[in-house]
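missing the sequence, but the structure's below:
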């Protein structure tokens, strides 16, 4: 599997601000996804990060709140905009390997005050 | 009703015991089934991946899928304290978008 890194690993932010999370994969991958894991809950898919085009969002998630970029096959960013305490979560990126299995990054732990 | 239901736990077992974890699902389009292990403050780690009914074994881990009953299981034999973690079942159809169970927290007591 590819090695996936995320920056920052954690952050504490003030209400109303925005945070951009970076996801870097060490080899070219076809598909990348962003998930959210709210406290004590399982993972929920936010969107598919498409290379060179707009991300595809799941129901309940919108581009204005979670803009995503994917300028090339190894890098993607997720921005959490106009944050509120309800956005406190772990945000994870994932990639699909050549064997069609999905691997996750270490996550970014976000706390919004 | 959630698409994927997972036995909530938590489970606490003595070292050496067999751990049994279960999930049911409602979407008959799901074709790919995974189990992930997640340690505290870490990302999910892929343990098992299967796409057919039946059993798949990897060391101390056995994944079982019954598509007719929409039921999957993970068995951990000879459990060790290092197996203490949260286990997540996940599944998808052809689009790779994973639907997760809520997770079961397992503690293996030394």
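Alright, I've got the coordinates. Every value quoted in this text rests on a predicted model; they were computed, and no experiment measured them.

make it CA atoms for all contacts and neighbour counts henceforth
Will do.

Pull the contacting residues for whatever residue of chain A ends up closest to chain B.
Scanning chain A for proximity to chain B using CA to the nearest CA identifies residue A:106 as nearest, at 4.2 Å. For residue A:106, the contacting residues are A:4-6, A:9, A:92, B:42-44, by CA atoms under 8 Å, 6 or more residues apart in numbering or on different chains.

give me phi/psi at residue 50?
Going with chain A. phi -100, psi 130 (degrees, to the nearest 10).

ah, no, chain B please
phi -150, psi 160.

residues in contact with it?
Here residue B:50 is in contact with B:32-34, B:56, B:63 (CA under 8 Å, 6+ apart).

Between which two of these is the distance greatest?
Using CA to CA, the pair of these lying farthest apart is B:32 and B:56, separated by 13.0 Å.

Any stretches of chain B with poor pLDDT?
Applying pLDDT under 70 to chain B picks out residues B:1.

How about the residue of chain B at minimum distance from chain A, nearest residue that isn't a chain neighbour?
Nearest to chain A in chain B, going by CA to the nearest CA, is residue B:43, at a distance of 4.2 Å. Once flanking residues are discounted, residue B:43 sits nearest to residue A:106: 4.2 Å by CA to CA, 6 or more residues apart in numbering or on different chains.

Start and end of stretch B:82-102, how far apart?
21 Å (CA to CA, to the nearest Å).

Compare residue B:32 and residue B:56 (neighbour count), which wins?
Neighbours per residue (other CA atoms under 10 Å in any protein chain shown) separate residue B:32 from residue B:56, with residue B:32 holding more: 19 against 16.
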